[in-house]
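Asker: sequence first, then the predicted structure:
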Amino acid sequence: METNRRDFLKKTGLGLLASTPLSVYAQTPDELQAIAEQAQRTSPQVFNMSGYAAPKLDIVRVGIIGIGNRGIGAVERLNKLEGVSIKALCDLRRERVNLAKSKIDPNGHKPELYSGSTDVWKKLAERTDLDLVYILTPWAYHTPMAVFAMNHGKHVCVEVPAAKTLDECWQLVETSERTKKHCMMVENCCYDFTELLNLNLARHGFFGEIAHCEAAYIHNLQELVFSKNHFYQMWELNEMSQRKGNLYPTHGLGPVCQVLNINRGDQMDYLTSMSSNDFVLGKMAKELAANDDFYKPYANKSFNGNMNTSTIRTKKGKTIMVQYDVSSPRPYSRIQLISGTKAVALKYPEPARYSTGHEWMNEKEVKELETKYMPPIVKKMGEIAKNVGGHGGMDFLMDWRTIDCLRNGLPLDQDVYDAALWSSVGPLSAWSVAHRSSSIDVPDFTGGSWQTNKPVDISMTKGGTTQAKV
């Protein structure tokens, strides 16, 4: 049976590539074959991490790996939280760990510093005086570091996406279940105030039965991806020349998955995906290379298309559209459309709009809705989070909530199944794009427990005791 299935995949899947240059798809035949096989993989659940509450920690001892664009912000945010001890900082560049240390010295943190080699982070993860390892590195390091840290007894917070391949997604799930250590992908957009309001509205039945959601990451990064200084060693531009599809699905996808109770009452069933050609990045690379030898290695590369659109159908017949475009001159948008049988919400373009009929609510009606349904976490910490900053406060709200859950022995809002599933859209979309938008099954990383797992609760009925030092 297994041999026949593999032969079938080779004949029906890879056969579609026979007349098409592989540069169009970036992934090799072997990589595409691996995606197809991993999409059919099942794994019995060793321990259900959904709703799992680890023993509470009075003080959360943290080690941080990666002090780049996101890392320095995480250091500053954690520095403002009660019950956090920053014990270790790590980056390849010594000047970055020195900078991070200078920002937390006034609060009494005395971290050990690690830098200078590509595997020095292992020494940090091996320490016996850490509870949490926070990973903010380029994407390729996320899963190896997270798995290593969990295997050495640490909870993990890892930047998005948590994994690049389906095999890495399974590694995260199996390691978290075996070690009973949290693996939370720090999807900050789940803590945007509008997204939290919409989640609370869904919980109170405002939308009725939700039938369809739309999500996106549309963000013009043309200048940043070609900057010599922004992404260290041009790592994001390299990603965009090596892979195709939706490389960064989780910002828009995460919040709508929570609204739809994905992994907790419903599950993704299958996905289809389509990408445009690249009409921007390749041209920019050639123009820059003509005047600067630094860019010559990129002049003849094939880049990911401008727009990727993926559609997902769930086991209960709901649909999700998720888009990815970081190279078109468009205004920023995550769309955040929630469409139900009683009402609809649309966040972008801001301000968010709501409707229960043919017209959008007026400003007064929206304000009344916000007053009635804004969740307690925003009412308690919203103004503090805004003052600290970080994407309007959602970054700080996310870190505050995570630390508070760890200190009070509460389940985290995002578990390893969310990290794996939301990240899996990347490789699944690549396979579908390479196969003329054929559908591909979405793996069930929960081992079937999605049917009984309880919906995520960010209502803060428990916890909320951690103070902010601002």
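Answerer: Received the coordinates, thanks. Numbers count the residues shown, from 1 in each chain.
Asker: okay, CA-based contacts and neighbour counts for the rest of this
Answerer: Fine.
Asker: do a quick rundown of the helices in the stretch 251-400 of the chain.
Answerer: Per DSSP state H, counting those that start in this stretch, the stretch 251-400 of the chain has helices spanning 281-289, 363-373, 376-388, 394-408. These are given in chain order.
Asker: could I get these as JSON lines with mean neighbour count, distance to residue 470 and mean pLDDT?
Answerer: Shown next, in JSON lines, are the helices of the stretch 251-400 of the chain (neighbours: other C-alpha atoms under 10 Å; distance: least, C-alpha to C-alpha, whole Å; pLDDT from 0 to 100):
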{"stretch": "helix 281-289", "mean neighbour count": "18", "distance to residue 470": "42", "mean pLDDT": "97"}
{"stretch": "helix 363-373", "mean neighbour count": "13", "distance to residue 470": "25", "mean pLDDT": "97"}
{"stretch": "helix 376-388", "mean neighbour count": "17", "distance to residue 470": "7", "mean pLDDT": "94"}
{"stretch": "helix 394-408", "mean neighbour count": "23", "distance to residue 470": "11", "mean pLDDT": "97"}
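Asker: nearest to residue 330 among those helices would be which one?
Answerer: helix 281-289 (14.7 Å; C-alpha to C-alpha).
Asker: can you give me the offset of the closest one from its chain's centre?
Answerer: Chain-centre distance of helix 281-289: 29 Å, with C-alpha atoms, centre = their mean, to the nearest Å.
Asker: and the contacts of that helix?
Answerer: 222, 295, 296, 298, 299, 300, 301, 302, 303, 327 (C-alpha atoms under 8 Å, 6 or more residues apart in numbering).
Asker: of all those residues, which two lie farthest apart?
Answerer: Largest pairwise distance in the contacts of helix 281-289, by C-alpha to C-alpha, is 19.5 Å, between 296 and 327.
Asker: quick one, which of these two is more surrounded?
Answerer: residue 327 (21 against 16; other C-alpha atoms under 10 Å).
Asker: contacts only, for that one.
Answerer: Neighbour list for residue 327: 219, 220, 221, 222, 280, 281, 306 [criterion: C-alpha under 8 Å, 6+ apart].
Asker: ok, and the closest non-adjacent residue to the last one?
Answerer: Leaving aside its chain neighbours, residue 306 sits nearest to residue 278 (5.1 Å; criterion: C-alpha to C-alpha, 6 or more residues apart in numbering).
Asker: now do the fourth one
Answerer: Spatially, and ignoring its direct neighbours in sequence, residue 222 is nearest to residue 327 (5.3 Å; C-alpha to C-alpha, 6+ apart).
Asker: about what we covered before: most surrounded residue in the contacts of residue 327?
Answerer: residue 281 (26 neighbours).
Asker: and which of the contacts of residue 327 is nearest residue 97?
Answerer: Out of the contacts of residue 327, the member with the shortest distance to residue 97 (by C-alpha to C-alpha) is residue 221, at 26.2 Å.
Asker: can you check the pLDDT for that closest one?
Answerer: If you check residue 221, the pLDDT there is 96.
Asker: pretty sure it sits against residue 324.
Answerer: No. The criterion here is C-alpha atoms under 8 Å, and residue 221 misses it with residue 324 at 11.8 Å.
Asker: burial of residue 457, as a residue count?
Answerer: Around residue 457 there are 15 residues (other C-alpha under 10 Å).
Asker: how close does it sit to residue 202?
Answerer: 12 Å (C-alpha to C-alpha, to the nearest Å).
Asker: okay, and the common contacts of these two?
Answerer: With C-alpha under 8 Å, 6+ apart as the test, residue 457 and residue 202 reach no residue in common.
Asker: ok, which stretches of the stretch 1-150 of the chain are strands?
Answerer: According to DSSP state E, counting those that start in this stretch, the stretch 1-150 of the chain carries its strands in the segments 60-65, 84-90, 112-114, 132-135.
Asker: can I get these in CSV with mean neighbour count, mean pLDDT and distance to residue 177?
Answerer: Formatted as CSV, the strands of the stretch 1-150 of the chain follow (neighbours: other C-alpha atoms under 10 Å; pLDDT from 0 to 100; distance: least, C-alpha to C-alpha, whole Å):
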stretch, mean neighbour count, mean pLDDT, distance to residue 177
strand 60-65, 24, 98, 21
strand 84-90, 24, 98, 25
strand 112-114, 18, 98, 29
strand 132-135, 27, 98, 16
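Asker: now render those as a markdown table, adding distance to residue 377.
Answerer: As requested, those are exported to a markdown table (distance: least, C-alpha to C-alpha, whole Å):
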| stretch | distance to residue 377 |
| --- | --- |
| strand 60-65 | 21 |
| strand 84-90 | 20 |
| strand 112-114 | 33 |
| strand 132-135 | 23 |
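Asker: list the buried residues of stretch 463-470.
Answerer: Across stretch 463-470, burial judged by 16 or more other C-alpha atoms under 10 Å covers 464, 466, 468.
Asker: I'd say the second one and residue 402 touch.
Answerer: Translated: residue 466. No. Assessed by C-alpha under 8 Å, residue 466 is found out of contact with residue 402, at 10.2 Å.
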